[in-house]
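In: I'll drop the sequence and a predicted model, then ask my questions.
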Amino acid sequence: MSRTNYIVTYDIANAKRLRKVFKACKEYCMHLQLSVFECDLTPAEKIDFESRLRGLIDREEDQILFIALGPSESRGERVITALGQSYVKIDPPCYVA
């Protein structure tokens, strides 16, 4: 089954919901920066992920964006450049107050 590469980013208005969305994203995606993640998902995985996120957010206050970057197979090597502080892969846990 084909996979698509996505950037997933969110703006969550409530700290409790934010923690839940962050945890869900960590299960499906690679954490890039604060509320930015990268995922390789099949169509079924994307439907499952979106369904899970819908159950966690308030549709009137929160927003989650899925930015499709195209098929994972033809993506090539991922290159991330940064302005300002250097990009550093985030591995340690992120704590949100």
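Out: Cool, the structure landed.
In: is it fair to say Ala44 lies in a strand?
Out: No. The assignment for Ala44, made by DSSP: H, G, I helix; E, B strand; the rest coil, is helix rather than a strand.
In: What pLDDT does the model give it?
Out: On the pLDDT scale, Ala44 is placed at 97.
In: Neighbours of it, how many?
Out: 9 (other Cβ atoms under 10 Å). Backbone N, C-alpha and C define where each C-beta goes, glycine included.
In: got a list of what the closest residue to it other than its chain neighbours touches?
Out: Closest residue to Ala44 apart from its sequence neighbours, by Cβ to Cβ, 6 or more residues apart in numbering: Met1 at 7.5 Å. When contacts are counted by Cβ atoms under 8 Å, 6 or more residues apart in numbering, Met1 is found next to Thr42, Pro43, Ala44.
In: For the longest helix anywhere in the chain, give me every contacting residue.
Out: Identified as the longest helix of the chain according to DSSP state H is helix 15-28. Contact partners of helix 15-28, identified using Cβ under 8 Å, 6+ apart, comprise 8, 10, 12, 31, 35, 37, 39, 41, 45, 49, 52-53, 56-58, 62, 64, 94, 96-97.
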